[in-house]
Structure formats: C-alpha cells, structure tokens
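> Pasting a predicted model and its sequence here:
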Amino acid sequence: MPSERVEAQVRPGVEADLEALTEIYNHYVRETAITFDTAVFTPSERRPWLLSHPEDGPHRLMVATDTGTQRILGYATSSPFRPKPAYGTSVETSVYVAPDAGRRGIGTLLYDALFKALAGEDVHRAYAGIARPNEPSERLHARFGFRHVGTFHEVGRKFGRYWDVAWYEKEL
C-alpha cells in the first residue's frame, strides 16, 4: 500500500546537501543491489561526484526536499554516459529516494524536474541501467518514455550472487 504523499519541492543540489545525499546513497550500497558499489562512502569521498553536477549543463543533480522540514527525500542525476567525447550528447540518469520516502511520488517529481532542466541542453539520449529485479524503477522509467534496449546478464556480483542489468533508453 502506498505511503502518504508529502509536500515536496525540487531544486538543484548544493554542497550543503552532501552529508544527506551520501547517507541516502550508502543505504543502497549496504542494503541493495541497486548500485554495484560495495563499500560505503564518506561525504568527503563523495564530494567530487557532487561537484561534477553543476547547476547548469547536461550533468545535473536535482534534490527533493520536504517543504515542511527541508529534509532531503531523494535525488536524481544526469551524468556522463561514457567518457569518450562522441558520447557527449548522451547522459546516464538515476534516482535514489530515502528509504522511508518511497512510494510517495518522489521519483516522479525528481525525474520530471530533471528532464525539464535538460530540455534546453544539447542532450540527445538518456540511458538508465536497472539492476533486476526492480519493478518500481522499471515502471518509473517506462512512465518517462524509456524503452528497454537490452539486458546484460549476470554482469555484476554483489552479496554473493550475480545480477542482471536491464538497459533503457529515452530520446530527448
């Protein structure tokens, strides 16, 4: 059953968000195969990642906060898809929601803001890799027009088992 919706606002991420964003990400590192990182980060280790997402340009960090408490509920990013120059107009997107803020529409709110921010940028395609199983993420991406383009089978090993990653593509 869905949790109660909260009033939330989305804004670009700033350095003051680093501790909360690291805490959210570390939950997924420790508890899930949603990310293939296997060791938690300190905020100082995560700082270069945050700084690689300026307030403008194709690589964005959008943060959802509770309008009452200003607590960070989640974040979405667009990051370089691959490091080679010809990939410059492609981005990889991701969404992470605080573990107690799921099923409240936060992911939808974040992706809506992210794709609106990217609308004026020189970005041609967005890609998302989803470790399976993850039906909520697959539904979210489908809602935003992503289509499945392939699956890498048993591509990552975490928690003593292999995981598939389904890849999705969205025209921008």
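Alright, I've got the coordinates.

> which non-adjacent residue is nearest Ala128?
Computed as Cβ to Cβ, 6 or more residues apart in numbering, the closest residue to Ala128 that is not its neighbour in sequence is Tyr168, at 4.6 Å. Just so you know, the C-beta spots here come from the backbone N, C-alpha and C atoms, and that holds for glycine as well.

> One more: Leu172?
Val123 (5.0 Å).

> That neighbour touches Pro58, doesn't it?
Yes: in this structure Val123 lies within contact range of Pro58 using Cβ atoms under 8 Å: 4.8 Å.

> Low-confidence ranges, the protein, go.
For the chain, the stretches with pLDDT under 70 are 1-6.

> now the strands: where do they sit in it?
8-12, 61-66, 72-80, 90-97, 125-131, 147-158, 161-171 (DSSP state E).

> how about these in a markdown table, adding mean neighbour count?
Below are those laid out as a markdown table (neighbours: other Cβ atoms under 10 Å):
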| stretch | mean neighbour count |
| --- | --- |
| strand 8-12 | 17 |
| strand 61-66 | 22 |
| strand 72-80 | 22 |
| strand 90-97 | 21 |
| strand 125-131 | 20 |
| strand 147-158 | 12 |
| strand 161-171 | 16 |
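
> Relative to Arg46, how far out is Tyr127?
Separation of Tyr127 from Arg46 (Cβ to Cβ, to the nearest Å): 22 Å.

> ok, now Val165?
With Cβ to Cβ as the criterion, Val165 and Arg46 are 22 Å apart.

> swap in Tyr75?
Counting by Cβ to Cβ - Tyr75 and Arg46 are separated by 12 Å.

> same deal with Arg104?
With Cβ to Cβ as the criterion, Arg104 and Arg46 are 24 Å apart.

> So for Leu110, which of the strands of the chain sits nearest?
strand 72-80 (3.8 Å; Cβ to Cβ).

> Distance from the chain centre to the closest one, please.
5 Å (Cα atoms, centre = their mean, to the nearest Å).

> Using PDB, list the CA coordinates for that strand.
C-alpha atoms of strand 72-80 as PDB (Å, rounded to 0.1, in the frame of the first residue of the first chain):
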ATOM      1  CA  ILE A  72      16.100  15.600   1.700                       C
ATOM      2  CA  LEU A  73      13.800  12.900   0.400                       C
ATOM      3  CA  GLY A  74      15.800  11.900  -2.600                       C
ATOM      4  CA  TYR A  75      17.800  13.000  -5.700                       C
ATOM      5  CA  ALA A  76      18.100  12.400  -9.400                       C
ATOM      6  CA  THR A  77      21.100  12.900 -11.600                       C
ATOM      7  CA  SER A  78      22.200  13.000 -15.200                       C
ATOM      8  CA  SER A  79      25.800  12.100 -15.600                       C
ATOM      9  CA  PRO A  80      28.200  11.400 -18.400                       C
END
